[in-house]
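S.K.: Below: sequence and its predicted model.
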Amino acid sequence: MPSSTVRILLRFLGSMNLAITLLVAIAIAAVIGTVVQQNQPYPDYVFKFGPFWFEVFKQLDLFNVYSSAWFLTILGFLVLSTSVCVYRNLPAIVKDINDYRENSQRSALLQQPYQQTFDQSATLADSLALISALLKQHHYRFRLKPEGNSYLVAAKKGAASRLGYIFSHVAIIVICIGGLLDGNLPLKIAEWRGKIAVETRRIPASDIPAISTLGDDNLSFRANVDIAERGQADLAFIDYKDGYLLQKLPFTIQVDDFRIEHYPSGQPKSFESDLTILDPVAAQAFKQTISVNHPLNYKGYSIYQNSFGDGGSKLSLKAWPLTTEQAAKSLQASVKAHTPIDTQTLEISDFRPFNVNPDPSGAKKFINLGPTFQYKLRDATGIANEYITYMQPTQQDGRWFYSSGMRSKVSESFKYWMMPADANQRLDRFMAFYQGLHNLQKLQQLATQAANASKAAQQSDLKQRQAVAAFMVQLGQQFASGGYEQIASVIEKTVEEPRRQQVSEIYAAALQQLLKNLYLDVLQQEGVKTETGLSDFDSQFYTDAVEAANLGYLYASPWFFELERFQHIEATGLQITRSPGQWLVFPGCLLLVLGVFCMFYLPQRRLWLLVDTNDQGVSILLAGNAVRNRYDFDREFAGIAQQLNPTV
Amino acid sequence: MNHHPYQQASYLQSRSGYDWLWAVLLLVGAGYLFSQYQALMDGYEIGILLSSVLVLLGLGWQWSALKTLSLTVTAFSLLAISRYGDDLSLGETSFLLKYLFASQSAIMWMSALYVMATVAYLGLLFSGRPFVGKVASSLTWSATAMGMTGLMVRWRESYLMGADIGHIPVSNLYEVFILFSIITALLYLHYEQKYQTRSLGGFVLLVISAAVGFLLWYTFDRHADGIQPLVPALNSYWMKIHVPANFVGYGAFSLAAMIGVVFILKSRAADRNPQGFINARLPDLALLDDVMYKAIALGFAFFTLATILGALWAAEAWGGYWSWDPKETWALIVWLNYAAWLHMRLTKGWNGKPMAWWALIGFFVTLFAFLGVNMFLSGLHSYGEL
Ligand code: HEM
């Protein structure tokens, strides 16, 4: 390139306008990156923006702004521009720092923004001594230079202000380079060159192909891994775009123990992991306990306590069939594993050993509602509802209920099904009642009994009684499959408005008759004597059981899983990083702070005093300038002039 | 030549008796704290204590009023703490605590006094009577003393709630709003003394009154004034330096914005109504320009420091010095904005009204970083959700 072109290019790159433009561009990009939530799963974006805008935004890399090619390019230009700026300004500044400008001519002094002339009746020597003392008092450094018959005193202070400019701008270059090293830039480049491809499937680590695997020669990354207590891992996962990459580690991390402490409110107070690093090339295993804010450093790798979760707790469940009268069966399942049950799959996602909530009675008390587990139950077609179930019954209005929440969309909150606990605090009675409701034979038998026993039945014939029984069974089935709601909608469809009220009452009475018989049957099976009427508890239980049965259809599950026992296994969430760039970034930061404080708090000022001898004594030309803080310099200059020439 | 008229006593020689007394008290206090709480402190915290002593010493020697303020706050706090003893419930029964020095009461006093100070400063602006100005300044100093006392006592109260709950009260929005008010007021008072003008108070205190308004809403509507235990990530000595440094930045930027408003008003008045009282009572433009620049420079320096401290902390707590978390990102935006402001002023020589407007716009950018991020964006910094 011809040298004039280079010069023009350099002038452009080092120009203030480009710098400001880049600063503004980065600010705008940063705003976009905070408004569009970054690094979310892609389907969430499709849902949020619609398929068209999703595609547009994806092309613009708006879901990963900070690792996008265009953003990295802007940063690169900032580095370039600032470098050129420093390169162009450096020589002049270095010169300026050491220069007292003692060669300034009188004419140059008369051009300075601040100046004053006055006479003193003193000898040259006395005057110079006075000036020296005065300048020292104001912390100026100065040089004396004879100029023909006169003397020039050239003084300056705050030269570090100019150094500050160099420090802070070099710091920005250094920090950006360090940051680019530690950012996704190397990964980006490897991706462009086709060396890596992101993995989007949820598959076991051993199945991840080599193209999505990074060796331990990767210098800079930030990866996560969850390790169960007493488990090990020699790999971690880097979140990348809409998937992840597998990062191999040159050592194995073993979790010897994980501990978590809680505040009385159930909030985690601290969590820590005892780790052992098993390094094949080290003679000895390296042990350290890490906690939040106290990471471990090993051979340039840092291991952080990041999160915690379930490490595959083993749960013993009792599966109650809700729609048949089969006996409940036992089931062993693990958290984060899939367990088949008939045609369905039980996918347990989480287990919590306790749930502390504010006590509804007192403001500052907390109660522990006991363990819960959360799962999805997926049918053969792949459709799943999500559930959360408490292990222990909880108290409401003095009665005890088992509760389980259900939702069909992750975006919804759970709706709870409350099942009354029996006198032994068990589910057995309610389940017997609920299963009976779904048992056609049982309903028929009970309905026939009821039809035969009523007063009206004495006068009617068999056929009528059978019809009544059949009607009751039908009602029972409608109730079981859709609660009162279902019956009401049938009435609405089949009965004209004027008679609906009356019909509803008849239906309700018939249904109550059937349900009551069902309940009495359950009690008799239990061996409870019912002839002399029900105890308060038993009749309250009936009300609660009918209410629960009414809403049971909303639970939409063929099973209720009761948690009987558990073995809690925790997992620690570790973050493993390697960031060699920090050895540029941290010193760069120090330099930046130093530079910024120098620039602002050591403002550069210059004074010149040109002393001429004349008949009466001396005449002094005082001139000065200040790069910054002119307002303060005004005062200082006026003060110095006043001190030199008190008569004015 | 040993004697000449400008020979100056050295810095140490020119310290007054009060300066030395104060230094001794400071050292004794720090020594006492150290001997009492040594067991609870790690090396970093001892370092922070030491640096605080040095910073306070320097500030107090530089600015005499600060000595009186800190002695008052110490006296109030010690009174309150000794009244508490080990029994937190005294806060509800002891007259001294309930009506004066329990943290929530002290903060109510602070709030009331700042609002009164705002009214007084505005009164000064309209009446022009110096006495009103003196009252306004005293009210501001008193409010600041009460606010600081409130924070000190709150610090102690948190330990009375439980040794593992105790922490420096800069951990949630409620607490940092108090910090913000105090720091902004102190910065203002500093400039008030330095430039010998009280006419800016009515404007700067408006921001503080707004913060007080938020604080009251937060207390009475959201009941967010309780002391909460720390989440593990916040439990670090970094919090003790990162947060205060940040709030020097926020405070200075807010101050600069209000000076920007005064600048705009003054230059309008000078153009349109030079005889009016606004033009007469507000300081001249050169002074305003200078205070605005100084405030932004101070804010920028501390904001740089705070952001870097935040990055260092993040490197320790989150596993990376920079995560593009919304709060971090907005801190960067604020920083870039003021960097551009300073560049324009210094290298392009921009000044006057455009810079004043820009300082005001900068305030809204800062406000978003401070509050908006918590309200509208989610991220790692979700400690003080609204
Ligand atoms: C992120 C990028 C940058 C930041 C944060 C930054 C920051 C600063 C700051 C804070 C000042 C001091 C203003 C003051 O003293 O009040 C300054 C001055 C200056 N900057 Fe930058 N700067 C950046 C990039 C650049 C670039 C790319 C250039 C090249 C054109 C540049 C040229 C200058 C110049 C010439 C000065 C004045 C120096 C002096 O008079 O002492 N800056 N910069």
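M.R.: Structure's in. What do you need?
S.K.: average model confidence for stretch B:128-137?
M.R.: Computed over stretch B:128-137, the mean pLDDT rounds to 95.
S.K.: got it, and stretch B:56-74?
M.R.: Mean pLDDT, stretch B:56-74: 94.
S.K.: Mind listing what's buried along that stretch?
M.R.: Neighbour-count burial for stretch B:56-74 flags B:56-57, B:60-61, B:66-67, B:69-74 (criterion: 16 or more other Cβ atoms under 10 Å in any protein chain shown). Quick note: C-beta positions are derived from backbone N, CA and C, even for glycine.
S.K.: Arrange those in JSON lines, one row each, with secondary structure and distance to the ligand as further columns.
M.R.: JSON lines is the format used below for those (DSSP: H, G, I helix; E, B strand; the rest coil; distance: Cβ to the nearest ligand atom, whole Å):
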{"residue": "B:56", "secondary structure": "helix", "distance to the ligand": "27"}
{"residue": "B:57", "secondary structure": "helix", "distance to the ligand": "28"}
{"residue": "B:60", "secondary structure": "helix", "distance to the ligand": "28"}
{"residue": "B:61", "secondary structure": "helix", "distance to the ligand": "27"}
{"residue": "B:66", "secondary structure": "helix", "distance to the ligand": "26"}
{"residue": "B:67", "secondary structure": "helix", "distance to the ligand": "31"}
{"residue": "B:69", "secondary structure": "helix", "distance to the ligand": "30"}
{"residue": "B:70", "secondary structure": "helix", "distance to the ligand": "31"}
{"residue": "B:71", "secondary structure": "helix", "distance to the ligand": "35"}
{"residue": "B:72", "secondary structure": "helix", "distance to the ligand": "36"}
{"residue": "B:73", "secondary structure": "helix", "distance to the ligand": "33"}
{"residue": "B:74", "secondary structure": "helix", "distance to the ligand": "36"}
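S.K.: Does the least confident helix or strand in chain B by mean pLDDT reach chain A?
M.R.: Least confident helix or strand of chain B, by mean pLDDT, DSSP states H and E, is helix B:373-376 with a mean of 80. Yes: against chain A, helix B:373-376 shows contacts by Cβ under 8 Å from any Cβ of the partner chain at residue B:373.
S.K.: so what secondary structure elements neighbour that helix?
M.R.: Applying 3 or more Cβ pairs under 8 Å, 6 or more residues apart in numbering or on different chains; DSSP states H and E, one finds that helix B:373-376 contacts helix B:326-347.
S.K.: contacts for whichever helix or strand comes after the helix it packs on?
M.R.: Using DSSP states H and E, the helix or strand that follows helix B:326-347 in sequence is helix B:353-367. If you take Cβ atoms under 8 Å, 6 or more residues apart in numbering or on different chains as the criterion, helix B:353-367 is touched by B:250, B:253-254, B:256-261, B:263-264, B:267, B:288-289, B:292, B:296, B:333-334, B:337-338, B:341, B:344-345.
S.K.: Which members of those additionally contact chain A?
M.R.: B:289, B:333, B:337, B:344.
S.K.: Looking at the residues you listed, which is nearest the ligand?
M.R.: Comparing these against the ligand with Cβ to the nearest ligand atom places residue B:344 closest, at 9.4 Å.
S.K.: is stretch A:138-158 up against chain B anywhere?
M.R.: No: using Cβ under 8 Å from any Cβ, stretch A:138-158 never reaches chain B; the gap is at least 8.7 Å.
S.K.: Whichever residue of the stretch 101-250 of chain B sits closest to the ligand - how many residues pack around it?
M.R.: Going by Cβ to the nearest ligand atom, the ligand is nearest to residue B:249 of the stretch 101-250 of chain B, at 13.5 Å. Counted with other Cβ atoms under 10 Å in any protein chain shown, the neighbours of residue B:249 add up to 28.
S.K.: In CSV: the buried residues of stretch B:56-74, plus distance to residue B:92.
M.R.: CSV is the format used below for the buried residues of stretch B:56-74 (distance: Cβ to Cβ, whole Å):
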residue, distance to residue B:92
B:56, 33
B:57, 38
B:60, 35
B:61, 41
B:66, 33
B:67, 34
B:69, 29
B:70, 29
B:71, 29
B:72, 25
B:73, 23
B:74, 25
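S.K.: Now the residues you listed in a markdown table, please, with extra columns for distance to chain A.
M.R.: Converted to a markdown table, the buried residues of stretch B:56-74 look like this (distance: Cβ to the nearest Cβ, whole Å):
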| residue | distance to chain A |
| --- | --- |
| B:56 | 19 |
| B:57 | 18 |
| B:60 | 19 |
| B:61 | 17 |
| B:66 | 18 |
| B:67 | 22 |
| B:69 | 23 |
| B:70 | 23 |
| B:71 | 27 |
| B:72 | 29 |
| B:73 | 27 |
| B:74 | 29 |
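S.K.: what distance separates the lengthiest helix in chain A from the centre of its chain?
M.R.: The longest helix of chain A (DSSP state H) is helix A:462-494. Relative to its chain's centre, helix A:462-494 lies at 52 Å (Cα atoms, centre = their mean, to the nearest Å).
S.K.: So which bits of that helix are buried?
M.R.: A:465, A:468-469, A:471-473, A:475-476, A:478-480, A:482-484, A:486-488, A:491.
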